[in-house]
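J.: Dropping the sequence and predicted coords here.
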Amino acid sequence: MIKSFSLIFLCILTVSCSKKPIITDEAKHVDVQEVYAYDVPYIINYPAMVQGVVDYQVIPRISGAIYKKFYKEGSYVKKEQPLYEIDPRPFELQLKNFQGQLIKDKAAEDNLKIIYERYVDLYTYKAVAKQDVETARINYKAAVGNVQTDIANINQAKLNLLYCLVRSPADGYISERLVTEGTMVTAFQTVLNNINSVNNMYLLFSMPENQRVDIEDGVLDKTISVPKNYTFRIDLQLANGKIIKDSGYVEFTDTRISLANGVWNMRAYVDNKYIKNKLLSGQYVTVYIHGIKYLHTYSLPQQSILHDDEGAFVYVVNNNHAIKRHVKTGKMYDSSWMITSGLKDGDIVVTNGNIRIHENSLLAIDKKTNSKTDNDKDNLVLSNPTINQEKNEISKLNGSSPAIAKSIEKLNSSSSINMKGY
């Protein structure tokens, strides 16, 4: 019995001693991306104010008291439609006064004409001096001038009577009244209402001068492309956060920098008929401009980039081990960084889980993506869910007018410009 127990113990001891302990570096689970350079779209947003293409103030041309109102606030009015009547009675009396003065001056003219003609006849017989003839002629000419002045005053009085009826300067929707019946108004000063267009709208915004110069430098260096004539396509965001895609396009860029605040003023056009949420003049929105691309650039998710004393770095996979590589970052857009140097096509970069690893860590790859295959279809990756891929945006314009679609297609046929005559 004792012999058997000893034999069993010996066998167990022999087996235990034959298994040597193996010290291993436990593999860290990470996600990676195989990176390739592509044309990275860069979307910029700015606050903007809505203004009607038609945006007129209703201002009287004569001074007086508001007598009547002929419109309903908020209604659509046509050009030349009567809006107000200014009390015409003072101008009617003024007209009668000028008409009476004309009769008086016309009689004086006739009388002086007769005197002048008589003096001319008498002068032929040397019955009067030449000076008397000249005096009669001058008096007659003055009378003729008085009559012409009276006629002009009468015409002006008639025009003032026409101006008593204040008419709409353009087609559009009329705003809330700023005066009431009985209010005294001053010619060319008092604002009575505003007439705003309902369909054709402008979005007024501006780009800081430093951004304009950065874009210009990039175009000159052939690292950035922009649409021809800076006709950027735009999305807009309403006050409640709602995004309206493909709302319009930039149709004007100023030829100078604002002296007031050093910005580059721009204006986008929106056709209000083709968007679901109608814009109102004076409304504030956010515009997202599309069309700027950083050429042959790498981009990585924000969490891929780490920092040490030397700057930004990433972990590149080599033989299933993490290799630390410093990179130079460019612009940040949405949740990604552009990488301007430090990477090459085919590099496999750790995009998730890098916080748990260090130099030469053994890696276990859970998920691998390929930026080349992800971007080959349209050469674009837009992680912002509010933005479509640019190539397809034209064909599936979500609410834009056909006119805008046609304009953008035409402008996008020229992919970039050299900024001559900027």
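T.: All right, it came through fine. Numbering: from 1, shown residues only.
J.: and stretch 170-187, which residues are buried?
T.: By 16 or more other Cβ atoms under 10 Å, the buried positions in stretch 170-187 come out as 170-175, 177, 179, 185. Quick note: C-beta positions are derived from backbone N, CA and C, even for glycine.
J.: With stretch 303-315 instead?
T.: Buried-residue list, stretch 303-315, by 16+ other Cβ under 10 Å: 303-305, 312-315.
J.: between the buried residues of stretch 170-187, which is closest to residue 124?
T.: Set against residue 124, the nearest of the buried residues of stretch 170-187 by Cβ to Cβ is residue 185 (60.8 Å).
J.: Quickly list what that closest one is bridged to.
T.: Legend: beta-bridge partners of residue 185 under DSSP bridges are residue 64.
J.: quick one: contacts for it?
T.: 60, 63-66, 86, 179, 192 (Cβ atoms under 8 Å, 6 or more residues apart in numbering).
J.: Most neighbours out of the residues you listed, which is it?
T.: Neighbour counts for those (other Cβ atoms under 10 Å) peak at residue 86, which has 24 neighbours.
J.: any idea of the pLDDT on the residue nearest to that one when sequence neighbours are not counted?
T.: Nearest in space to residue 86, with sequence neighbours left out and distances taken as Cβ to Cβ, 6 or more residues apart in numbering, is residue 64 at 4.1 Å. Looking at residue 64, its pLDDT stands at 95.
J.: dump the residue contacts of residue 64.
T.: Residue 64 neighbours (Cβ under 8 Å, 6+ apart): 86-87, 90-91, 164, 184-185.
J.: quick one: the helices in the stretch 201-350 of the chain?
T.: With DSSP state H, counting those that start in this stretch as the criterion, the stretch 201-350 of the chain has helices at 209-220.
J.: the longest strand in the chain is where?
T.: strand 284-301 (DSSP state E).
J.: elements contacting that one?
T.: strand 38-52, strand 200-208, strand 224-225, strand 233-237, strand 328-333, strand 336-341, strand 348-352, helix 390-393 (3 or more Cβ pairs under 8 Å, 6 or more residues apart in numbering; DSSP states H and E).
J.: Let me know the angle separating it from strand 348-352.
T.: 130 degrees (axes from the mean of the first three to the mean of the last three Cα atoms, to 10 degrees).
J.: returning to that earlier point: give me the subset of the buried residues of stretch 170-187 lying in strands.
T.: 172-174, 185.
J.: hmm, back to that, which one of the buried residues of stretch 170-187 is nearest residue 97?
T.: The closest of the buried residues of stretch 170-187, once distances to residue 97 are taken by Cβ to Cβ, is residue 185, at 22.8 Å.
J.: quick one: which two of the buried residues of stretch 170-187 are the most distant?
T.: 171 and 185 (23.3 Å).
J.: Identify the residues contacting residue 80.
T.: 167-168.
J.: Can I get stretch 128-139 as PDB, trimmed to CA atoms?
T.: This file holds the C-alpha atoms of stretch 128-139, laid out as PDB (Å, rounded to 0.1, in the frame of the first residue of the first chain):
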ATOM      1  CA  VAL A 128     -39.800 156.600 -77.200                       C
ATOM      2  CA  ALA A 129     -36.300 156.000 -76.100                       C
ATOM      3  CA  LYS A 130     -34.600 152.600 -76.700                       C
ATOM      4  CA  GLN A 131     -34.200 152.200 -73.000                       C
ATOM      5  CA  ASP A 132     -38.000 152.300 -72.600                       C
ATOM      6  CA  VAL A 133     -38.300 149.500 -75.100                       C
ATOM      7  CA  GLU A 134     -35.700 147.400 -73.300                       C
ATOM      8  CA  THR A 135     -37.500 147.900 -69.900                       C
ATOM      9  CA  ALA A 136     -40.800 146.800 -71.400                       C
ATOM     10  CA  ARG A 137     -39.200 143.700 -72.900                       C
ATOM     11  CA  ILE A 138     -37.600 142.800 -69.600                       C
ATOM     12  CA  ASN A 139     -40.900 143.200 -67.700                       C
END
